[in-house]
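> Generate a structure from the sequence data that follows.
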Amino acid sequence: MDIDVFTLVPEAFGWFERQRHVANAVAQGHRLEYVNYRDHTPLSAGQVDDTPFGGGAGMVLRVDVVDAALRARYGRDPVEERADRRVIVLTPGGRLLDDALVGELAHEPALTLLSGRYEGFDHRIVEHFASDEVSIGRYVLAGGELAAMVLCDAVLRKLPGSLGHPDSALEESFSHALGGAPEYPHYTRPADYRGWPVPEVLLSGHHARIREWRLRQSAARRPLP
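Numbers count the residues shown, from 1 in each chain. The predicted model follows:
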């Protein structure tokens, strides 16, 4: 998979790149790269934003700046690019990121993530350059970089070879294997600590009973709608 993140602060991803599953994914041949809007802005002095028409506080990322950055990266009109590539704008009001969407994106050959700053994007970017609008939650962040990391983290760990054990991503919270419910509780040594014992079934060695217990626990933890 090829992932391009468009951002004003590519250096923010230094820590993220060093995470083991991210490094493993890159070592397996997947690509994660960054494009700085300022490197391609047609405006003077590295300008990338402007005041919103109609008034209001904050600054808005300009459509011509994003157009120029996308053209520089892909060599064609961004309106055409979104027909062949998932171009995702990260916004608070987009489709909520969940395990189903992550699984869908993990099957894409390429993703482009547009991270905003300031008051957000000129809406023409969303309307004409993006194929998807995605949110990691109904709240506002100072920029889209953290949202981009969350989406990349969730997608990359589903790719073969990124995790230490191939089954690690199969049975976890909200996965198909658990019917979309949260994962069951886990315990490790010591088996009894301060009078808090590990459930006896987990010490039984009876795999069918353990599996049944785990599924019941998972179902019981399902959040209310």
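> So for the protein, which residue is the most central one in space?
Nearest to the mean C-alpha position of the chain, counting by Cα atoms, centre = their mean, stands L151 at 0.2 Å.
> so which strand or helix has that one?
Element membership of L151 [criterion: DSSP states H and E] is helix 145-156.
> And the contacts of that helix?
Residues outside helix 145-156 that contact it (Cβ atoms under 8 Å, 6 or more residues apart in numbering): 1, 3, 5, 7, 9, 12-13, 16, 19, 21-22, 25, 30, 32, 88, 90, 97, 99, 102, 105-106, 111, 113, 115, 134-136, 141, 162. (Each C-beta comes from the backbone N, C-alpha and C, glycine too.)
> Over to stretch 217-225?
Here stretch 217-225 has contacts from 178-185, using Cβ under 8 Å, 6+ apart.
> Farthest-apart pair in these, please.
Taking Cβ to Cβ, the two most distant members of the contacts of stretch 217-225 are G180 and P185; they sit 17.6 Å apart.
> so how far is G93 from the nearest residue to E119 once chain neighbours are set aside?
Counting by Cβ to Cβ, 6 or more residues apart in numbering, G58 is the residue found nearest to E119 once chain neighbours are left out, at 3.1 Å. Taking Cβ to Cβ, to the nearest Å as the measure, G58 falls 16 Å from G93.
> Now do the buried residues in the strand or helix carrying I210.
Using DSSP H and E, I210 maps to helix 207-220. Across helix 207-220, burial judged by 16 or more other Cβ atoms under 10 Å covers 210, 213-215, 218.
> between those residues, which is nearest A69?
For the buried residues of helix 207-220, the nearest to A69 is S218 (43.4 Å; Cβ to Cβ).
> Just the C-alphas of the longest strand belonging to the chain, formatted as CSV.
Ranked by residue count under DSSP state E, the longest strand found in the chain is strand 86-96. What follows is strand 86-96, C-alpha atoms only, in CSV (Å, rounded to 0.1, in the frame of the first residue of the first chain):
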residue,chain,number,x,y,z
ARG,A,86,-8.9,7.2,-2.2
VAL,A,87,-8.3,10.9,-1.3
ILE,A,88,-9.4,11.4,2.3
VAL,A,89,-10.0,14.7,3.9
LEU,A,90,-9.8,14.5,7.7
THR,A,91,-12.6,16.6,9.2
PRO,A,92,-14.6,16.4,12.5
GLY,A,93,-17.9,16.0,10.5
GLY,A,94,-16.8,13.2,8.2
ARG,A,95,-17.7,9.5,8.3
LEU,A,96,-16.7,8.1,11.7
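> Thanks a lot, see you next time.
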